[in-house]
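Colleague: sequence? don't have it. structure:
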């Protein structure tokens with residue numbers, strides 16, 4: 001069932017992109033929009049949406065990974081000169097403190113030996129990684145097959161989504177009473193709207209955070225502004241805590257160039273994170289799902305501890321649905337008792 005579960009999730013994500021693309025298609029044709037354009041709308045817009053999603057994922061992967069590799073290689077090559085500067089600074093500090101009767105341990109570090117050790121470490125574990133990769137080729141092949149099946153299933157769902165929705169409504173009305181069928185349909189509609197708004201809000205918040213990070217890094221002249229901003233924006237898709245993953249990797253990249261600039265980057269991002277956490281996220285994502293900020297934080301914390309990354313991603317919209325149902329139930333009971341909500 002894994003390909004079908006993945007396909008359903010992928011179809012939901014693609015549908016968030018598909019809807020505005022189809023609106024743009026209708027607006028582009030204007031008064032010339034007729035039966036022929038209507039028949040071509042779904043396949044053309046579905047192809048464009050899929051290419052957009054795949055293109056963004058591959059662009060992020062091919063931007064971040066090469067930059068990380070180049071940074072590590074550059075760090076190893078510059079290590080001897082950096083250690084010489086560090087030794088010089090340490091000796092000056094030791095001389096200054098010795099005049100005040102404070103003894104520091106002697107700085108003794110062979111830069112050439114350390115460089116050889118790091119190179120050997122990378123070579124060794126790089127080879128181990130290659131051997132491990134070869135050993136799990138069958139698992140990778142199985143994953144690729146599942147992803148291909150999931151993509152095919154998601155495209156089929158989106159191509160026939162109106163028909164499938166109508167069939168689902170018929171089944172619900174056939175199995176349940178009119179009252180329960182109406183309630184189930186309303187809950188399903190609210191769930192779909194909540195999850196769609198959450199995905200849209202999360203994407204908007206990620207773009208805003210990545211843009212602010214890029215502009216701030218340009219102002220402070222920090223290296224790797226483009227790569228780190230893309231990485232921060234991408235990891236910000238994980239609610240609340242995701243951006244810290246991006247800033248950790250970004251600080252490491254800058255540290256390989258300049259430790260002082262890495263410190264400035266961390267200070268800059270702490271301020272940016274306060275702005276994002278107190279203003280942007282509650283307003284953009286919290287309002288999009290109708291959930292107060294305190295419950296957003298609680299949902300992400302509990303969901304992440306219970307189900308990991310998937311729990312962090314799904315907890316906020318799921319909690320929003322439960323919050324709305326609970327609010328409706330409480331207000332209905334108050335109304336039956338003649339009390340104001």
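Modeller: All right, it came through fine. Worth saying up front: this structure is predicted, and the values here are computed from it rather than measured.

Colleague: Mind listing what's buried along the helix or strand encompassing residue 233?
Modeller: Following DSSP states H and E, one finds residue 233 within helix 225-235. Across helix 225-235, burial judged by 16 or more other Cβ atoms under 10 Å covers 225, 227-235. For glycine as for every other residue, the C-beta is placed from the backbone atoms N, C-alpha and C.

Colleague: name the element the nearest residue to residue 224 once chain neighbours are set aside belongs to?
Modeller: Counting by Cβ to Cβ, 6 or more residues apart in numbering, residue 224 lies nearest to residue 253, which is 5.1 Å off, once chain neighbours are set aside. Assigned by DSSP H and E, residue 253 belongs to helix 242-255.

Colleague: what element comes up after that helix heading to the C-terminus?
Modeller: Taking DSSP H and E, what comes next after helix 242-255 is helix 259-275.

Colleague: nearest to residue 203, of the buried residues of helix 225-235?
Modeller: residue 233 (9.5 Å; Cβ to Cβ).

Colleague: my read: that closest one touches residue 213, true?
Modeller: Yes - with contacts counted by Cβ atoms under 8 Å, residue 233 reaches residue 213, the gap being 7.3 Å.

Colleague: what sits against residue 4?
Modeller: By Cβ atoms under 8 Å, 6 or more residues apart in numbering, the residues touching residue 4 are 149-150, 153.

Colleague: mean confidence score for the one helix or strand it maps to?
Modeller: Following DSSP H and E, one finds residue 4 within helix 2-29. The pLDDT scores in helix 2-29 average 87.

Colleague: Quick check: next helix or strand after that helix?
Modeller: Following helix 2-29 in sequence, per DSSP H and E, is helix 35-98.

Colleague: any idea how far that following helix is from the chain center?
Modeller: Helix 35-98 sits 15 Å away from the centroid of its parent chain (Cα atoms, centre = their mean, to the nearest Å).

Colleague: Which residues belonging to the helix holding residue 253 are considered buried?
Modeller: Buried residues in helix 242-255 (16+ other Cβ under 10 Å): 242-243, 246-247, 249-251, 253-255.

Colleague: quick one: which of these is nearest to residue 183?
Modeller: Nearest member of the buried residues of helix 242-255 to residue 183, counting by Cβ to Cβ, is residue 242, at 34.9 Å.

Colleague: which residues sit in contact with the closest one?
Modeller: 235-236, 312.

Colleague: returning to that earlier point: got CSV for the buried residues of helix 242-255, with distance to residue 273 and pLDDT too?
Modeller: CSV is the format used below for those (distance: Cβ to Cβ, whole Å; pLDDT from 0 to 100):
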residue, distance to residue 273, pLDDT
242, 11, 72
243, 6, 73
246, 11, 80
247, 8, 83
249, 15, 80
250, 12, 82
251, 13, 84
253, 18, 76
254, 16, 81
255, 19, 76
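
Colleague: ok, residue 323 touching residue 295?
Modeller: Yes - judged on Cβ under 8 Å, residue 323 makes contact with residue 295 at a distance of 6.3 Å.
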